[in-house]
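Asker: predicted structure and sequence below. I'll ask about it afterward.
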Amino acid sequence: MRSARSVTTFAAGAASILALTVASLGAPAVAQTQEAPPPQVDAPPAAAPAAATKPAAPQPLQESVAAVINDEIVSSYDLMQRMRLLMATSGMQPTQENLPQIEQEALRSLVDEHLQMQELRRVEKQQKITIISTDKEVDEQIADIAQSNKMSAGQLKQSLVQQGIGLDTWRAQLRADSSWQSWIQGRYGSRLRIGEDQIKAYQRRLAESAAKPQYQLSEVFLDASRVGGMEVAMNGASQLINQMQQGAPFAAVARQFSGSATAANGGDIGWVSQGEMPAEVDAAVEQLRPGQLSKPIQVKDGVYIIYLRDKRAGSKTAIVDLKQVAAPLAAGATQAQVDAATKLLTDLKPKITSCQTLESAAGKVDGLVAGDLGEAEITDLAPAFQEAANKLDVGQISNPIRTDAGMHLIAVCGKRQGGANAPSHDQIENRLRGQQLALIAKRYLRDLRNQATIETR
């Protein structure tokens with residue numbers, strides 16, 4: 001097994017693995033399955049849909065060994081049950097073409113969960129602590145998922161049983177997911193320190209992209225190293241697109257198949273600007289209209305499927321913190337006076353190494369006035385200052401700017417996104433923390449795989 005990109009998102013909560021996907025298991029979805037059953041293919045009996053009226057009990061399967069993970073066996077029955085759960089929660093219909101992909105994803109998730117649970121049991125025994133979720137805690141997760149989908153826990157369980165899915169299969173998935181999240185959060189969460197420089201850098205990137213067109217995107221990412229190579233990833237992406245075009249919900253497919261950290265949120269990336277995604281994705285997004293699904297987009301390490309949910313023009317709602325050095329000049333100053341003031345400021349500019357040194361450097365030159373302009377929205381600045389503030393990065397200083405009041409140098413000492421859509425300081429901190437925890441979880445699981453003895457049959 002090759003390493004996989006983490007699909008863990010810690011802000012989503014312990015029940016994220018099925019939250020908001022269970023609509024495909026409710027009454028309307030079951031009715032749809034009854035009215036329009038999937039194409040009949042040469043597939044294992046367990047992949048067949050439920051009957052139209054009274055669902056028949058699943059046919060007993062002859063068990064064999066599908067995989068061995070450090071001497072723990074995954075049976076063919078376990079694999080078939082996971083395939084059923086994956087199809088039910090992703091809304092995919094089995095076909096001759098996509099069954100191998102469904103089987104591979106089901107097996108990968110079972111292997112990962114066995115490795116996680118083995119590690120958690122080892123830690124519990126070694127440290128004499130309780131990490132693994134109890135039956136009561138799993139029941140609470142089920143109740144929360146049911147409530148979020150306006151169903152009772154009993155209705156939710158019944159919908160799974162009707163599709164031939166054993167409740168133990170679902171409970172095992174929930175238990176492994178929530179226990180692993182709790183362990184990563186508990187072990188590493190308190191050690192992470194998100195610095196103010198990281199938060200300010202994030203705010204600066206948001207502000208710098210505020211004037212660019214913005215796209216609200218969802219993604220499915222197939223990691224080539226995880227799925228068996230680039231050709232497999234491209235073929236798999238084509239199969240997923242075909243299923244989504246036939247009605248499988250994008251968010252449900254993302255939760256089960258995406259190797260991105262956004263998988264637990266249904267692939268929701270949120271609003272992004274050009275430059276935040278790989279160049280190949282940027283180019284594809286420019287050609288999409290809201291509501292459209294992209295073709296497979298190959299990048300160096302895998303394949304993206306992008307859904308453009310919405311698009312908006314860029315705004316200049318950015319807030320900048322400015323300082324200035326000014327050489328006072330009357331509006332009707334002669335060209336010689338303008339040239340002299342320009343030279344004075346041009347000679348001074350290399351001596352200003354930062355916003356902190358601006359006043360002291362300017363104070364050594366007669367005829368100059370330096371000061372702090374404070375924070376202001378870019379749209380409220382004079383036109384000449386607007387242009388400079390938009391182009392300059394934090395810490396940079398403009399060339400001399402002429403206004404009716406004189407000649408100026410301005411320094412951008414801070415920049416952040418403004419407006420109602422700007423995330424707060426705490427939201428940015430939590431987002432950065434979640435990204436770091438997801439990366440830690442990915443590396444942890446990769447190390448467990450590298451150390452394990454895994455045999456698939």
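Answerer: Good, I have the coordinates.
Asker: what domains does the record give for the chain?
Answerer: Domain ranges of the chain: 1-203, 318-417, per automatic domain parsing.
Asker: please compute how far the last one lies from its chain's middle.
Answerer: To tie it back to what came earlier, the one meant is domain 318-417. 39 Å (CA atoms, centre = their mean, to the nearest Å).
Asker: contacts only, for the most centrally placed residue in the chain.
Answerer: By CA atoms, centre = their mean, the mean C-alpha position of the chain lies nearest to residue 262, the distance being 3.1 Å. Neighbouring residues of residue 262 by CB atoms under 8 Å, 6 or more residues apart in numbering: 9, 218, 219, 254, 268, 269. C-beta here means a position set from N, CA and C on the backbone, and glycine is covered the same way.
Asker: for it, phi and psi?
Answerer: phi -80, psi 0 (degrees, to the nearest 10).
Asker: tell me the spacing between it and residue 380.
Answerer: Distance, residue 262 to residue 380, using CB to CB, to the nearest Å: 36 Å.
Asker: then residue 343?
Answerer: 30 Å.
Asker: got it, and residue 406?
Answerer: Taking CB to CB, one finds residue 406 at 20 Å from residue 380.
Asker: more neighbours, the two?
Answerer: residue 406 (21 against 10; other CB atoms under 10 Å).
Asker: just the pLDDT at the more buried one, thanks.
Answerer: Looking at residue 406, its pLDDT is 92.
Asker: how far off centre is stretch 182-201?
Answerer: 17 Å.
Asker: next: stretch 239-249.
Answerer: Taking mean C-alpha positions (CA atoms, centre = their mean), stretch 239-249 and its chain are 21 Å apart.
Asker: please identify the buried residues of it?
Answerer: 239, 240, 241, 243, 244, 248, 249 (16 or more other CB atoms under 10 Å).
Asker: how about stretch 402-418?
Answerer: 406-418.
Asker: what ranges do the strands span in the stretch 251-400 of the chain?
Answerer: With DSSP state E, counting those that start in this stretch as the criterion, the stretch 251-400 of the chain has strands at 268-273, 297-299, 302-312, 318-328, 369-377.
Asker: list the helices and strands the shortest one packs on?
Answerer: With contacts defined as 3 or more CB pairs under 8 Å, 6 or more residues apart in numbering; DSSP states H and E, the secondary structure elements packing on strand 297-299 are helix 230-245, helix 279-286, strand 302-312.
Asker: and with 10 Å instead?
Answerer: strand 214-223, helix 230-245, helix 279-286, strand 302-312 (3 or more CB pairs under 10 Å, 6 or more residues apart in numbering; DSSP states H and E).
Asker: who touches that strand?
Answerer: 219, 221, 224, 230, 233-234, 237, 277-285, 303-306 (CB atoms under 10 Å, 6 or more residues apart in numbering).
Asker: switch to 8 Å and redo it
Answerer: So strand 297-299 is contacted by 230, 233, 234, 278, 280, 281, 284, 303, 304, 305, 306 (CB under 8 Å, 6+ apart).
Asker: the fourth one: how many residues sit nearby?
Answerer: Residues contacting residue 278 under the criterion other CB under 10 Å number 16.
Asker: roughly how far does it sit from residue 453?
Answerer: In terms of CB to CB, residue 278 sits 35 Å off from residue 453.
Asker: could you do residue 108 as well?
Answerer: 16 Å.
Asker: compare neighbour counts for those two and give me the winner.
Answerer: residue 108 (20 against 8).
Asker: what packs against the host helix or strand of the more buried one?
Answerer: Using DSSP states H and E, the element containing residue 108 is helix 99-127. Here helix 99-127 touches strand 65-69, strand 72-75, helix 76-90, helix 167-188, helix 230-245, helix 425-451, strand 454-456, going by 3+ CB pairs under 8 Å, 6+ apart.
Asker: and residue 136, which of these is closest to it?
Answerer: helix 167-188 (11.5 Å; CB to CB).
Asker: can you list the buried residues in whichever helix or strand comes after the closest one?
Answerer: Counting by DSSP H and E, the next helix or strand C-terminal to helix 167-188 is helix 196-209. Neighbour-count burial for helix 196-209 flags 199, 200, 202, 203, 204, 205, 206, 207, 208, 209 (criterion: 16+ other CB under 10 Å).
Asker: point out where the stretch 351-457 of the chain drops to low pLDDT.
Answerer: Along the stretch 351-457 of the chain, segments meeting pLDDT under 70 span 417-422.
Asker: let's go with 80 and repeat that
Answerer: The stretch 351-457 of the chain contains residues with pLDDT under 80 at 379, 415-424, 457.
Asker: rewinding a little: with distance to residue 175 and pLDDT added, can I get the buried residues of stretch 239-249 in TSV?
Answerer: Shown next, in TSV, are the buried residues of stretch 239-249 (distance: CB to CB, whole Å; pLDDT from 0 to 100):
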residue	distance to residue 175	pLDDT
239	30	92
240	27	94
241	32	95
243	28	91
244	29	93
248	26	89
249	25	91
